[in-house]
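1. Would you be able to build a 3D model of this:
(chains A and B)
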Number of protein chains: 2
Amino acid sequence: MLATPAYDALAQTYLRLHRLGHLQSLAGWDQAAKMPPKGNGARAAALSEMAALLHRLRTDPALAETIARAEQEALSDMQRANLREIQRDWRRANALPESLVQRRQLAGSHCEHAWRRQRPANDWQGFLGNFREVLAIAREEATLLSQRQGVSRYDALMDRFEPGMTCANVDRVFGEVRQWLPGLIQQVRERQAQQTLLMPVGPFPVEAQRRLCERVMRLLGFDFEAGRLDVSTHPFCGGVPEDVRLTTRFQEHEFLGSLMGTVHETGHGRYEQNLPRDWLGQPVAEARSMALHESQSLSFEMQLGAHPGFVAQLAPMLVEAFGDQPAFEPSNLHRLITRVKPGFIRVDADEVTYPAHIILRYEIERPLIEGEIEAEDIPALWDAKMMDLLGIDTRGNYKDGPLQDVHWTEGGFGYFPCYSLGAMFAAQWFAAMRHERPDLDAHITRGDLAPVFDWLREHIWSQASRWTTDELAVRASGETLNPAHFKAHLQARYLA
Amino acid sequence: MLATPAYDALAQTYLRLHRLGHLQSLAGWDQAAKMPPKGNGARAAALSEMAALLHRLRTDPALAETIARAEQEALSDMQRANLREIQRDWRRANALPESLVQRRQLAGSHCEHAWRRQRPANDWQGFLGNFREVLAIAREEATLLSQRQGVSRYDALMDRFEPGMTCANVDRVFGEVRQWLPGLIQQVRERQAQQTLLMPVGPFPVEAQRRLCERVMRLLGFDFEAGRLDVSTHPFCGGVPEDVRLTTRFQEHEFLGSLMGTVHETGHGRYEQNLPRDWLGQPVAEARSMALHESQSLSFEMQLGAHPGFVAQLAPMLVEAFGDQPAFEPSNLHRLITRVKPGFIRVDADEVTYPAHIILRYEIERPLIEGEIEAEDIPALWDAKMMDLLGIDTRGNYKDGPLQDVHWTEGGFGYFPCYSLGAMFAAQWFAAMRHERPDLDAHITRGDLAPVFDWLREHIWSQASRWTTDELAVRASGETLNPAHFKAHLQARYLA
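-> From the prediction side, this is the model:
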């Protein structure tokens, strides 16, 4: 084996970044799940200091030359893929001055902090005051990244979450969905209007819900020796691959939201827990992208979690957790979990109406970043698109409208498409699984989930960032992203 | 006001260290209180990376010159005291190479993690394998620090926890205690042998214990908006001054250990929560020393917690928490809390036998660091000293012997004396309080703890590191450490 001193030095630097990032991730989890309120000032200062420090390490001028030398070295395929990911990270970091990184952090945290009060107060005008600054910084970042990468400004922001994804691609995919989605929603709703539906009767004690969630996480293969479940206002999957921290939230009067949210986060968690151990600490061992991450959470929550065979396994667990009641009868439970109903809130949406929320966000944030519209144009566009896509009236209701999500407050433009791209990938993975083993549904129905996990481990989890998203999709399923599988899935589940 | 550019630059550097140290403290707390077992490797690597990074920042060659220039600037008294503490920190850091700091962190983490299984398994031989490495690194550190500071190796390690404390001082104080302690224990035990004692009858549900502990913490002034109580194997006070993380451990059959342990940690917690806000982030705003820290925990646990007036307030809370029973009658409860009985476990020891445990640790770890004995000599010395000091047989019982504490696993040599020095300071503080206001005990008895907290806030908490320990003791009580107050306290409480 030839010596690869430059590559080795880069790997060492990125291992250090990974280790310091561990402390950053943990502090972020703690901030959401454990931190008492008066700790926030010191925590924000600590995280900002760390962000500046990591940026300085990434933009060390010596790295450019080391990368150039590493390119000439005799690298293995994995090392080559790792170098590609290192270069990607290096390019993005070096496009941005430290002052912008700091201003972005400050403006985002300021806007997010005020938003916590503005949202319940329906205070769009107050929000606008802070949001204009967040938007201005995001446009500045987009311009710098787009100049460096030679792509459009929105493409440059989206690339942070889904490398290589372009508006041209999203337009093609979402444009197609936009054609058939409103009609499909209409058809499903007419069909479901004839169903009888029994609602579960609470209360559902929080302790029983927690035990149920942990039991379902175990059934789904989550390793509690390498992770935890805690409570936070907004559920998420945090921590590090070696120690995955999932969160949920409990309400005494309703348990399905928390349970299915936990199933969703468990999908993220298993991806992280099954990234290749031998390469952990290197960029090539990180999850490929946020669309692929959402494809895992939605494989769990939607493909598997709303599968009638899986729901039939949940039913007796609910009886054990809360006592028997007619609503827990498996076919009623399945009707509850697959109920389609247009609503204001994205995170509460069913899988059929969900893409409408995403298309709306995309059709607003893209022109916003490209400078074609301004922040004050958002409400009118929101109202028109909600009426157009879901037939609901949102006028004047900012808190359940553009103020409902945290993404824009923190400048996270370019993330939203990942949710629906993830849902489409998830449908594509299950189509590939069924093609490989036509008895897949029989396995799921008799409680044997191993074929699902084995396929995901082999084709997604263990592959981490070894390939581009397109390459990974082709290797896993024979084709790049094909939204036809998503449409076929919805038709099979909701109209068959 | 004159400009102080060099001092300002130093203050900025130490503010950065404080902010990065925040993430380190939090990760340490999480490691003990929340982390699942498989997370330990990554956590240890992250903490080691951070320790190395902080060490590099502290040993930046430019700092020496900045410190020299700051010494010439026109500083306020507080700035001058801060500069003294910065110099102290700088000197200690610059005595150690980065590789040692990193090896120390790794070896400590490794030994501690294995100890969690080795202790219940009574596996002294397994422990020795890791501990020899921890000891070798500690000796290396002691040698480097002692060369830099011109003091003995053990003095150099003790200085990390109690600046300026020397073996000569400890020998004088402990030597004196060793004279009268066995006789006093004997006297107290004979006297208590005639008492009737009702034992509380369990079980005591963990959830009720937790609520009781939190209630008592509130009574003692702990601010839950700026801190938490969680569970860990070995109780401690962690986190940061802005967000103090206390831990305890619960057992269903016994509640007093957990309750009084929580009272102890609350003393640490209030010190941290009341450090001077205006100076937080600078070394001068940190707690003075670990003996002073223990003087706060023991002011709470022993001086206040075992005070008959305070115990009378606890009694009705126990009745509310667990239901009424004869053992909760206040005078019986006081006899329980002040029961003197030689035992294996330091943290469970009463305040009369406690110094014996500390003297034993000191008499073993000092020659261990000075190279006069080896790790494998510990058990025999332990057995002999336990028999000599407390008259109990510890042969073969490693888990309740040298494996009982976490200090040595992490290389924390030089800490143990702080516990008993702290107990002596606590007695000295209460003597000073009673001298200033002779009605102190009447206040405590009628549930008014404010005079205690006010005195501690004024003389200890708010003073942080403004003075040396000796100066602080003189300003607070008119004299440096005087163990006569401790002896007088024990005689008054146990023999009067």
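2. who's in contact with the one residue in the stretch 1-150 of chain A that gets nearest to chain B?
-> Nearest residue of the stretch 1-150 of chain A to chain B: A:Gly39, at 3.1 Å (Cβ to the nearest Cβ). C-beta: built from backbone N, CA, C; applies to glycine. Counting by Cβ atoms under 8 Å, 6 or more residues apart in numbering or on different chains, A:Gly39 makes contact with B:226, B:240, B:242-243.
3. neighbours of whichever residue of the stretch 151-300 of chain A sits closest to chain B, just the number please.
-> The minimum distance from the stretch 151-300 of chain A to chain B, using Cβ to the nearest Cβ, falls at A:Asp243 (3.0 Å). For A:Asp243, the tally of surrounding residues (other Cβ atoms under 10 Å in any protein chain shown) stands at 29.
4. For chain A, which segments are assigned as strands?
-> Per DSSP state E, chain A carries strands over the ranges A:227-231, A:237-240, A:243-248.
5. Listing partners with orientation, what would you give for the longest one?
-> So the one you mean is strand A:243-248. The sheet places strand A:243-248 alongside strand A:227-231 (parallel), strand A:237-240 (antiparallel), with pairing taken from DSSP bridges.
6. looking at these, which is buried most?
-> Burial of the strands paired with strand A:243-248 is given as mean neighbour count (mean count of other Cβ atoms under 10 Å in any protein chain shown); strand A:237-240 ranks first at a mean of 25.
7. What residues does the residue in the stretch 351-496 of chain A positioned nearest to chain B make contact with?
-> For the stretch 351-496 of chain A, the residue positioned closest to chain B under Cβ to the nearest Cβ is A:Ala464, at a distance of 15.9 Å. Listed by Cβ under 8 Å, 6+ apart, the contact set of A:Ala464 reads A:275-276, A:279, A:284-288.
8. the domain parsing of chain A - what is it?
-> Each domain of chain A is listed here as a residue range: A:5-94, A:123-496, per automatic domain parsing.
9. per-residue confidence for A:Val244?
-> A:Val244 is assigned a pLDDT of 98 by the prediction.
10. Find the nearest non-adjacent residue to it, please.
-> Setting aside the residues directly before and after it, A:Val244 is nearest to A:Gly227 in space (Cβ to Cβ, 6 or more residues apart in numbering or on different chains), at 3.7 Å.
11. Ramachandran angles for A:Thr233?
-> Main-chain torsions, A:Thr233, degrees, to the nearest 10: phi -60, psi -50.
12. what's near enough to touch it?
-> Residues in contact with A:Thr233, defined by Cβ under 8 Å, 6+ apart, are A:32, A:249.
13. Please apply the same query to A:His293.
-> Counting by Cβ under 8 Å, 6+ apart, A:His293 touches A:268, A:271, A:287, A:418, A:422.
14. And the helix or strand of chain A with the lowest mean pLDDT, what's buried?
-> Each helix and strand of chain A was given a mean pLDDT (mean pLDDT, DSSP states H and E); the minimum falls on helix A:98-118 at a mean of 88. By neighbour count, and taking 16 or more other Cβ atoms under 10 Å in any protein chain shown as the criterion, the buried residues in helix A:98-118 are A:101, A:103-105, A:107-109, A:111-112, A:114-115, A:118.
15. and it, what does it pack onto?
-> Based on contacts counted as 3 or more Cβ pairs under 8 Å, 6 or more residues apart in numbering or on different chains; DSSP states H and E, the elements that helix A:98-118 packs against are helix A:40-58, helix A:124-149.
16. Which one of the ones you listed has the poorest average confidence?
-> Among those, helix A:40-58 carries the lowest mean pLDDT (a mean of 92).
17. chain center to that one: distance?
-> 24 Å (Cα atoms, centre = their mean, to the nearest Å).
18. picking that back up, need the strands paired with strand A:243-248 in TSV with mean pLDDT and distance to B:Thr13, can you?
-> Rendered in TSV, the data for the strands paired with strand A:243-248 read as follows (pLDDT from 0 to 100; distance: least, Cβ to Cβ, whole Å):
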stretch	mean pLDDT	distance to B:Thr13
strand A:227-231	97	35
strand A:237-240	97	29
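19. Looking at those, which is nearest to B:Ala315?
-> strand A:227-231 (34.3 Å; Cβ to Cβ).
20. Please name the residues that touch A:Gly411.
-> A:104, A:107-108, A:134-135, A:137-138, A:141.
21. ok, now with 7 Å
-> If a contact means Cβ atoms under 7 Å, 6 or more residues apart in numbering or on different chains, then A:Gly411 has A:104, A:108, A:134, A:137-138 as its contacts.
22. Distance to A:His55 for the residues you listed - can I get that in CSV?
-> Converted to CSV, the contacts of A:Gly411 look like this (distance: Cβ to Cβ, whole Å):
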residue, distance to A:His55
A:Arg104, 11
A:Gly108, 15
A:Val134, 19
A:Ile137, 15
A:Ala138, 17
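23. Check those and tell me the two furthest apart.
-> By the measure Cβ to Cβ, A:Gly108 and A:Ala138 form the most distant pair in the contacts of A:Gly411, at 9.2 Å.
24. And the residue of the stretch 1-150 of chain A closest to chain B, how close does it get to B:Ala226?
-> For A:Gly39, the distance to B:Ala226 (Cβ to Cβ, to the nearest Å) stands at 6 Å.
25. So for stretch A:70-82, first residue to last residue, what's the gap.
-> Its first and final residues considered, stretch A:70-82 spans 11 Å by Cα to Cα, to the nearest Å.
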